[in-house]
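Student: after the sequence you'll find the predicted model.
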Amino acid sequence: MGRETGAIERRKERLDRGIKARTEGLYAISSWREVGYLLAPRAGLIIGLLILPLILPGLYWQRVLGLAGVYALLAISFDFLAERVGLVCIGGAFMIGVGGYISGSLNYYLKFPVALTIPIGTFGGALLCTLLWLPCLPLRGIYFAVVTFMFPFLVSSIILAGGFLGSTEGLSPIAGFPNIWIGIYLIISIVLLSIFGLRRLCGEDIGVVFAGVKDNDQAVFASGVNVTRVKVYALFISSVIGCFAGAFLSHFSGFAGISLFAVDFSIMPIAACIMGGPGTLAGPALGAFILAPLSELLRGFGQLRVVLYCLVLVGFILYKPEGLLSWAARKYHQIERWVKV
Amino acid sequence: MKEGIEKEPIIRVRNLTKSFGGVRALNNVSFDLLEGEVLGVIGPNGSGKTTLVNTITGFIKPDSGEVFFKDIRLTGLSNWKIADMGVTRTFQIVRPYLSQRAFKNLIVPLWSPRARRFASSRGGDRDALAIDLLEEVGFERDAYVPYKFASALPLGYLKRLELARCLALRPEVIICDEVFSGLSMSEIASMLPLIERLHMRGVTLIMIEHRLRELFRVADKVIVLNFGEKIAEGEPERVMQDEKVRRAYLGEDIGL
């Protein structure tokens, strides 16, 4: 079908042909059609996430969606730190716990309204996480990861042993959202805001400095930039996202207890990140929205669910190390269309 | 003439000593450097040249001894603080940000507090500044070299990128750790004018080098290190006549 009537030559061309050829050297998009190609997947993500709660059957799956949003935020926060700044932080459970306990106890003891506890839990919690992890920041790679992984165990032991904050019982009831739609759309909009906000941030000058810290921190030092300070900025940004998820979760479930420090919150984001595509920010969120419902379906298997995470991890590392989103993006750009020559 | 004016040394190195285990990498090294001078540091492999750079710029803490920049004691300050004061360095093994385009590599130094202090007078967009700087060190803008990813650039450009990173900080002192090593004759020939231009502009330079012929074209003064000790200091030609230097480079005359 290379030739049509009327003697107009046609050939097949990849969607990204024009975009790719030009962006190797310069940033340029030449037509609305190309803008459309680039916007379509992004619009798809936004519209998809906004419609998702409407088509779900029943309250149970809407609750699962809220939980998936929490995991998505953690995965985004992990991906940003690990892939864009080079800090491997597996303290998702700590962020959830700190954010959740702060906003939960403010509501339980002081009867603060939700509109106040969530911001305080988010920013106060992020400040606390950053301050506590500050001494560990000169550590690199696996050492930082191990220290951050230890923190949730440390704090939950203190709460249990000291009998603080409701101890084993936890704090309950905590005021929920006026209705579930507010909760669900709140978390979905924060997920979208985090994805696009962080992508934007990584394109700014500070994002280039973050990438510099990941690529070669000695060169950043030699450029007269205090690497530890840059890491603090990144850690704070990431903790804000994680602690928001925690504050949200305590109100969404009406409960703040030791379960907020569960290992799942530290491990699942890594699985989601590897599944969705490390470094893409949207990919890990996608991974979380797949893994969280999947693990709910397998609830009957109890602790065996961890085996599922491991299988997903191993499977993706072996067969699709680039992750779902990078794979889908590649396939999308390879779609061919007919063009007039 | 200018010679009449007493110039204060801009860098004073006093009795620097550093050991790695049993190896004395630096042993009691002292020297002064006047503002605007080009100092060459030469010596055989393993004589402590890079350790000297690392101790001056705060990447390694010396066991004893001190380094002064004007009246400020550099020893004990952190490496980024020293760069922030205008004493910058290049790395012998280049350290680009490989995931970034060449000009984005310069965003980091241009974002630094020191560059931002200067930026208020010049203002403007960091990307444009970065591309100007790269053009200055010989990245051909017309061939889109500044837009290439650092991972796609050959060594010659990466060495220039190292220099550009220093220049972005508007340095008073640049310490070049073997900027010519690994380059071809033509690449060196095109880089020498750049060094000379910096010299003209009044930047103080310390050049660690193995390429003596090229070094002697620009150096005002040379010090020679051997097993961490300073064995000679002076004008380039005179130093090369020195008996100890010849022995360090060529070995003992065993009288065959």
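Tutor: Arrived safely, thanks for sending.
Student: is residue 9 bridged to anything, and to what?
Tutor: Picking chain A for this. A:Arg3 (DSSP bridges).
Student: my question was about chain B
Tutor: B:Leu34.
Student: so what's it up against?
Tutor: The neighbours of B:Pro9, taking CB atoms under 8 Å, 6 or more residues apart in numbering or on different chains as the test, are B:Asp32, B:Leu33, B:Leu34, B:Glu35. All C-beta spots, glycine's among them, are computed from the backbone N, C-alpha and C.
Student: could I get those as TSV with neighbour count and pLDDT?
Tutor: Output for those, formatted as TSV (neighbours: other CB atoms under 10 Å in any protein chain shown; pLDDT from 0 to 100):
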residue	neighbour count	pLDDT
B:Asp32	16	89
B:Leu33	21	89
B:Leu34	15	88
B:Glu35	15	87
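Student: surely B:Leu39 touches B:Leu33?
Tutor: Yes - between B:Leu39 and B:Leu33 a contact is recorded at 5.2 Å, counting by CB atoms under 8 Å.
Student: intersection of neighbour lists for these two?
Tutor: B:Ile206, B:Lys221.
Student: around chain B, which positions in chain A sit nearby?
Tutor: A:25-26, A:205-206, A:208-209, A:211-212, A:214-216, A:218-227 (CB under 8 Å from any CB of the partner chain).
Student: weed out the non-buried ones from those.
Tutor: Neighbour counting by 16 or more other CB atoms under 10 Å in any protein chain shown classes A:206, A:208-209, A:211-212, A:214-216, A:219-227 among those as buried.
Student: which of the helices or strands spans the residue nearest to A:Gly212 when sequence neighbours are not counted?
Tutor: In this structure, A:Gly212 finds its nearest non-sequential neighbour in B:Val108, 4.4 Å apart by CB to CB, 6 or more residues apart in numbering or on different chains. Element membership of B:Val108, judged by DSSP states H and E, is helix B:107-111.
Student: now B:Leu161
Tutor: helix B:155-167.
Student: among the residues of chain A next to chain B, which ones are in helices?
Tutor: Applying DSSP state H to the residues of chain A next to chain B, the entries found in helices are A:205-206, A:208-209, A:211-212, A:214-215, A:218-222, A:227.
Student: tell me the residues of chain B that contact chain A?
Tutor: B:57, B:59, B:78-81, B:83-84, B:88-89, B:91, B:95-100, B:104-105, B:107-115, B:126, B:144, B:147-148, B:165, B:168-169.
Student: that older thread, tell me, how many residues neighbour the residue nearest to A:Gly212?
Tutor: For B:Val108, the tally of surrounding residues (other CB atoms under 10 Å in any protein chain shown) stands at 31.
Student: with B:Val41 instead?
Tutor: By the criterion of other CB under 10 Å, B:Val41 has 28 neighbours.
Student: name the SS class of B:Thr17, please.
Tutor: B:Thr17 falls in the strand class when you classify it by DSSP: H, G, I helix; E, B strand; the rest coil.
Student: who's in contact with it?
Tutor: B:Thr17 touches B:Arg24, B:Leu26, B:Asn27, B:Asn28, B:Val29, B:Pro62, B:Asp63, B:Ser64, B:Gly65, counting by CB under 8 Å, 6+ apart.
Student: if we go to 7 Å?
Tutor: B:Leu26, B:Asn27, B:Asn28, B:Pro62, B:Asp63, B:Ser64, B:Gly65 (CB atoms under 7 Å, 6 or more residues apart in numbering or on different chains).
Student: what are the buried residues along the helix or strand hosting B:Ala128?
Tutor: If you go by DSSP H and E, B:Ala128 is part of helix B:126-136. Across helix B:126-136, burial judged by 16+ other CB under 10 Å covers B:Arg126, B:Asp127, B:Leu129, B:Ala130, B:Ile131, B:Leu133, B:Leu134, B:Glu135.
Student: which one of these is nearest chain A?
Tutor: For the buried residues of helix B:126-136, the minimum distance to chain A (CB to the nearest CB) is 5.7 Å, reached by B:Arg126.
Student: leaving out chain neighbours, which residue sits closest to that closest one?
Tutor: That would be B:Leu110: by CB to CB, 6+ apart, it lies 4.6 Å from B:Arg126.
Student: residues in contact with the longest helix along chain B?
Tutor: Scanning chain B for the helix with the most residues, using DSSP H, yields helix B:185-200. The contact list for helix B:185-200, computed with CB under 7 Å, 6+ apart, reads B:38, B:137-138, B:156, B:160, B:174, B:179-180, B:205, B:211, B:214, B:217-218.
Student: so A:Thr168: helix, strand or coil?
Tutor: coil.
Student: count the neighbours of it for me.
Tutor: What A:Thr168 shows, counting by other CB under 10 Å, is a neighbour count of 9.
Student: show me what contacts it?
Tutor: A:Leu160, A:Ile258.
Student: same thing with the one 5 residues further on?
Tutor: Listed by CB under 7 Å, 6+ apart, the contact partners of A:Pro173 are A:Gly254.
Student: mind listing the residues bridging to A:Arg14?
Tutor: Here A:Arg14 sits in beta bridges with A:Glu336, going by DSSP bridges.
Student: that one and A:His333 touch, don't they?
Tutor: Yes - using CB atoms under 7 Å, A:Arg14 makes contact with A:His333 at a distance of 6.4 Å.
Student: neighbour count for these two, which is higher?
Tutor: Using other CB under 10 Å, the more surrounded residue of A:Arg14 and A:His333 is A:His333, with 16 against 13.
Student: which residue ranges of the chain form strands?
Tutor: Using chain A. A:10-14, A:336-340 (DSSP state E).
Student: you answered for a different chain; I wanted chain B.
Tutor: Under DSSP E, chain B gives strands at B:9-20, B:23-34, B:38-42, B:64-69, B:72-73, B:87-89, B:173-177, B:204-208, B:221-226, B:229-234.
Student: buried residues of the second one, list them for me.
Tutor: With burial defined by 16+ other CB under 10 Å, the residues of strand B:23-34 counted as buried are B:Arg24, B:Ala25, B:Leu26, B:Asn27, B:Val29, B:Phe31, B:Asp32, B:Leu33.
Student: run the chain-centre distance for it.
Tutor: 16 Å (CA atoms, centre = their mean, to the nearest Å).
Student: could you figure out how far that strand is turned away from strand B:229-234?
Tutor: Strand B:23-34 and strand B:229-234 are oriented at 20 degrees to each other (axes from the mean of the first three to the mean of the last three CA atoms, to 10 degrees).
Student: show me what strand B:23-34 is packed up against.
Tutor: strand B:9-20, helix B:49-56, strand B:229-234 (3 or more CB pairs under 7 Å, 6 or more residues apart in numbering or on different chains; DSSP states H and E).
Student: repeat the analysis, applying 6 Å as the threshold.
Tutor: For strand B:23-34, the elements it packs on are strand B:9-20, judged by 3 or more CB pairs under 6 Å, 6 or more residues apart in numbering or on different chains; DSSP states H and E.
Student: for the last one, same thing?
Tutor: Using 3+ CB pairs under 6 Å, 6+ apart, the elements in contact with strand B:229-234 are strand B:221-226.
Student: can you give the contact residues for the strand it packs on?
Tutor: Here strand B:221-226 makes contact (CB atoms under 6 Å, 6 or more residues apart in numbering or on different chains) with B:31, B:39-43, B:47-49, B:230-233, B:236, B:239, B:245, B:248.
Student: tell me which residues of the worst-scoring helix or strand of chain B on mean pLDDT are tucked away?
Tutor: Within chain B, no helix or strand scores below helix B:113-122, which has a mean of 75 by mean pLDDT, DSSP states H and E. By 16+ other CB under 10 Å, the buried positions in helix B:113-122 come out as B:Arg114, B:Ala115.
Student: now the angle between helix B:126-136 and that helix, please.
Tutor: Using the same axes, to 10 degrees, helix B:113-122 lies at 100 degrees relative to helix B:126-136.
Student: per-residue pLDDT of the nearest residue to A:Ala145 once chain neighbours are set aside, please?
Tutor: Among residues not flanking A:Ala145 along the chain, A:Val88 sits closest, at 4.2 Å (CB to CB, 6+ apart). Reported pLDDT at A:Val88 in the predicted model: 89.
Student: hmm, A:Val88 is touching A:Tyr143, no?
Tutor: No - counting by CB atoms under 6 Å, A:Val88 stays clear of A:Tyr143, with 9.4 Å between them.
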